[in-house]
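In: Attaching a predicted model along with its sequence, questions to come.
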Amino acid sequence: MLKLNDDQQMLLDTVRPFMADEGRIETQLRHWRDKGCPDGFGHGLWERFGQLGLSGILIPESAGGSGLGQVEANVVLEEIGRNLTPSPFLTTAVTAVRAIEGTPHAERWFPGIVEGKTVAAIALDEGPRHDPAGTAMEARRSGNGFTLNGSKQFVVHGRSADFFIVAARSGGSAGEREGITLFAVPRDAKGLELENVTLADSSKAARLDFDEVAVDADAVIGEVDGGWNLLRRALRAGRAGAASELVGIAAGAFAMTNDYLRERKQFGREIGSFQALQHRAAHLYSEIEIARAATLKAAQLIDEEHGDAERFTAVAKAKAGSVARLAVQEAVQMHGGIGMTDEHDVGFYMKRQAVMDELFGRPSFHARHLGKD
């Protein structure tokens, strides 16, 4: 069924007020932006995630985590999106956890993630667009390990990361799925240089340059040349999570706009009483509900390890991205001139949507790959 069960609803009832209180724009996004914080998020809030059992939501109970699934992670991510809360939850607690689970790296990094003290970053993309199979970064065998050479772009929370999950090519050619190996690289690796970059929504990403970075064989995540399946698992979780965050962005922008339609008066009437705006608001509401249903279905199939999980995740990311774009465009337009000012929060939703749309593939990327499959 496309609805939350009782336990998942209880989680939502806990997370929603927590995020609305401690994760709101004024005390998080705007606060850290105005301070010029190089991390772009508050480590104190990340530790609060750990105290509530949220940062370890996908980590098994045997490893100290909550032992929950993708649906529960998505519940958290929709509320993160609704409040535009900057945090490493998506990249660390979801994508990185799925990349290293079942490997020796889990034993090393899971405890810190559970406590909300460890941050991971995914070093995947090398060009202006998401293209995992296009990985060209070199992983050359050297002694008992490998030497890494190349660059990575759009590494979200790169400056804050304790370690990077790096996709590099140990075999084959760019464009092929075979020959990709994943590595866990510590932030202090010799030869690794980082440039911190501020994105449109004030979040932080990094450009990484690997110049003869030596790692031993223990840095390999999974099997040499066999990183594609692990990468697919991690990206499936990350994309489903990003879809839910986009739904939250759309819902947050819609709620703010709906309130404005009830408050703003023109010609002696609330502008929300104008039929043309009512029709647009009703259409947007229905689109958000469709996107929410698509993301819930994708998460359920991931938890069931269903064969269609990847296709449904692509549908969810594409739909959520398109709907979030519509929602923020309508929000700014219906707010009028005030929607373009920094003093009003609605513009932040448009900026966050633009960044999240690119993360793990924009709608056109997923539509194209669905067409091929």
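Out: That came through, no problem.

In: contacts and neighbour counts: CA atoms only from here.
Out: Fine.

In: Need phi/psi at the closest residue to Asn196 other than its chain neighbours.
Out: What sits nearest to Asn196 in space, not counting adjacent residues and going by CA to CA, 6 or more residues apart in numbering, is Ala206, at 4.6 Å. The phi/psi pair for Ala206 (degrees, to the nearest 10) reads phi -140, psi 150.

In: Likewise for the one 5 residues further on?
Out: According to degrees, to the nearest 10, the main-chain angles of Asp211 amount to phi -120, psi 100.

In: what sits against it?
Out: Taking CA atoms under 8 Å, 6 or more residues apart in numbering as the definition of contact, the neighbours of Asp211 are 148-150, 191-192.

In: got these as CSV, with neighbour count columns?
Out: Compiled in CSV, the contacts of Asp211 are given as follows (neighbours: other CA atoms under 10 Å):
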residue, neighbour count
Leu148, 26
Asn149, 20
Gly150, 18
Gly191, 13
Leu192, 20
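
In: In helices, which of these appear?
Out: With DSSP state H as the criterion, helices contain none of the contacts of Asp211.

In: Show me the two of those residues that sit farthest apart.
Out: When these are compared pair by pair using CA to CA, the farthest-apart members prove to be Gly150 and Gly191, with a separation of 10.9 Å.

In: which residues do these two both contact?
Out: Contact criterion CA under 8 Å, 6+ apart; residues bridging Gly150 and Gly191 by contacting each: 210-211.

In: For the stretch 51-200 of the chain, which segments count as helices?
Out: In order along the chain, the stretch 51-200 of the chain carries the following helices (DSSP state H, counting those that start in this stretch): 70-83, 97-100, 104-114.

In: Check which helices and strands the longest one sits against.
Out: Going back to what we said before, that points to helix 70-83. Counting contacts by 3 or more CA pairs under 8 Å, 6 or more residues apart in numbering; DSSP states H and E, helix 70-83 packs against helix 6-22, helix 227-263, helix 275-304.

In: As CSV, could you dump the C-alpha coordinates of that helix?
Out: Written as CSV, here are the backbone C-alpha positions of helix 70-83 (Å, rounded to 0.1, in the frame of the first residue of the first chain):
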residue,chain,number,x,y,z
GLN,A,70,14.7,3.2,2.9
VAL,A,71,11.1,4.2,3.7
GLU,A,72,12.1,5.5,7.1
ALA,A,73,15.2,7.3,5.7
ASN,A,74,12.9,9.0,3.2
VAL,A,75,10.5,10.1,6.0
VAL,A,76,13.5,12.0,7.5
LEU,A,77,14.6,13.4,4.1
GLU,A,78,11.2,14.8,3.2
GLU,A,79,11.3,16.8,6.5
ILE,A,80,14.8,17.9,5.8
GLY,A,81,13.6,19.1,2.4
ARG,A,82,10.5,20.8,3.8
ASN,A,83,12.7,22.9,6.2
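
In: Show me what the mean pLDDT comes to for that helix.
Out: In this model, helix 70-83 has a mean pLDDT of 98.

In: what's in contact with it?
Out: Looking at helix 70-83 with CA under 8 Å, 6+ apart, the contacting residues turn out to be 8, 11-12, 15-16, 19-20, 23-25, 54, 57-58, 86, 89-90, 94, 237, 240-242, 244-253, 296, 299-300, 302-303.

In: how about a cut-off of 7 Å?
Out: Counting contacts by CA atoms under 7 Å, 6 or more residues apart in numbering, the residues outside helix 70-83 that touch it are 8, 12, 15-16, 19-20, 23-25, 57, 241, 244-249, 251-252, 296, 299-300, 302-303.

In: follow-up on the earlier one: specify which member of the contacts of Asp211 is nearest to Leu326.
Out: Gly150 (36.9 Å).

In: pretty sure that closest one contacts Phe210?
Out: Yes: if you go by CA atoms under 7 Å, Gly150 and Phe210 touch, sitting 5.2 Å apart.

In: Out of the helices and strands packed on helix 70-83, flag the one nearest Ala120.
Out: For the helices and strands packed on helix 70-83, proximity to Ala120 was assessed by CA to CA; helix 227-263 is nearest, at 12.7 Å.

In: re the thing from before, tell me which of the helices of the stretch 51-200 of the chain sits nearest to Gly179.
Out: Nearest to Gly179 among these is helix 97-100; the distance by CA to CA comes to 16.9 Å.

In: So which elements touch that closest one?
Out: With contacts taken as 3 or more CA pairs under 7 Å, 6 or more residues apart in numbering; DSSP states H and E, helix 97-100 sits against helix 227-263.

In: and the helix it packs on, what other elements does it pack with?
Out: helix 70-83, helix 97-100, strand 180-186, strand 269-270, helix 275-304, helix 309-335, helix 346-358.

In: Mind doing that once more with 6 Å?
Out: helix 70-83, helix 97-100, strand 180-186, helix 309-335 (3 or more CA pairs under 6 Å, 6 or more residues apart in numbering; DSSP states H and E).

In: what is the rounded mean pLDDT of the shortest one?
Out: Computed over helix 97-100, the mean pLDDT rounds to 98.

In: do the same with stretch 104-116
Out: In this model, stretch 104-116 has an average pLDDT of 97.

In: swap in stretch 149-161?
Out: The average pLDDT for stretch 149-161 rounds to 97.

In: what's the answer for stretch 354-369, then?
Out: When the per-residue pLDDT values of stretch 354-369 are averaged, the result is 92.

In: how long is that stretch end to end?
Out: Taking CA to CA, to the nearest Å as the measure, stretch 354-369 stretches 21 Å from start to finish.

In: next one: stretch 59-79
Out: 20 Å.

In: Distance from the helix or strand in which Ala367 is found to the middle of the chain?
Out: Secondary structure from DSSP states H and E places Ala367 in helix 363-372. Between the mean C-alpha location of helix 363-372 and the chain-wide mean there is a distance of 19 Å, by CA atoms, centre = their mean, to the nearest Å.

In: Tell me what Glu270 is bridged to.
Out: According to DSSP bridges, Lys265 are recorded as the beta-bridge partners of Glu270.
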